[in-house]
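> Below are the sequence and a predicted model; questions follow.
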Amino acid sequence: MNPMIEFNQVSFAYEAGTPVLQQVSFVAQPGESIGLVGANGAGKSTLMKILLGLLPYEGEVKVDGIKVEKKSLAEIRRKTGFVLQNSDNQMFMPTVLDDIMFGLLNYGMSREEAEQKADAVLEQLGIAALKNKYNHKVSGGEKRMAAVATVLAMEPSVIVMDEPTSALDPYNRRTVINCMNRLQQTKLVASHDLDMILDTCTRVLLIANGQIAADGPAEVILKDKALLEANRLELPLRYQ
């Protein structure tokens, strides 16, 4: 069985002589849930964009054994789903159902099949009641879960999440965390919410200055006060 994500000596620079990622290597196995942490500007967003085929890079990146390159982008993007930090940028149709069906219809599925798929995903996430709601009338947490539903409907092997609990109240934050923990796909979750990372991820990659400064069990890395402070992070609240 192929690793689900492979980075091998990956580097990237927006400008010559200004590296953003430097020789980054790691492997994620099927079903693994990995937290991506680090200070602002450490390279987390760049790493995610490279995985999604949005930036050129040096080295090699594979998703389910397929190299991320121009000729494979259509296949890579069918295998990877991206949940944006701001759900308003992802939910652009009138209703939740319209948004979930949008990608399915574009891939040639009939309207009846697309609605059946939408119903199944909404039921899986426990948000069937949102089906016909207007996007501008649902709460932040509901919209975040609806955004996850739009991604799940496409049946990706990998789900990439950027700050999935940002700007949510405690109730909606917990709802989204419970939703994330029900997902069986390989997950790469970038966040400054280290307590959420502890709740949802078994492994952490700590990115600093474009490199992996630490890679290991979430509970080990996120308890290491000296390591976190050296990389401009603070202990999760539960360890303070």
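Nice, I can see it. Residues are numbered from 1 along each chain as shown.
> can you tell me the distance between the two ends of stretch 65-76?
10 Å (C-alpha to C-alpha, to the nearest Å).
> Touching that stretch from outside, list them.
The contact list for stretch 65-76 (C-beta atoms under 8 Å, 6 or more residues apart in numbering) reads 2-3, 50-53, 60-63, 79. For the C-beta atoms, the positions are set from N, CA and C on the backbone; glycine is no exception.
> Name the member of these with the most neighbours.
Greatest neighbour count in the contacts of stretch 65-76, by other C-beta atoms under 10 Å, goes to residue 63: 27 neighbours.
> so it touches residue 5, yeah?
Yes. The pair residue 63 / residue 5 is scored as a contact, 6.1 Å apart, by C-beta atoms under 8 Å.
> where do the contact lists of these two overlap?
51, 158.
> which residues in the protein form helices?
Here the chain has its helices, by DSSP state H, at 44-51, 73-79, 96-106, 111-124, 140-152, 170-182, 194-200, 218-221, 225-230.
> Return the most buried member of the ones you listed.
Sort the helices of the chain by mean neighbour count, taking mean count of other C-beta atoms under 10 Å, and helix 140-152 sits at the top with a mean of 24.
> ok now that one, how far from the chain's centre?
Distance, stretch centre to chain centre, for helix 140-152: 12 Å (C-alpha atoms, centre = their mean, to the nearest Å).
> hang on, the earlier thing: residue 86 is nearest to which of the helices of the chain?
helix 140-152 (9.4 Å; C-beta to C-beta).
> which other helices and strands contact that closest one?
For helix 140-152, the packing partners by 3 or more C-beta pairs under 8 Å, 6 or more residues apart in numbering; DSSP states H and E come out as strand 80-83, helix 96-106, helix 111-124, strand 158-162, helix 170-182.
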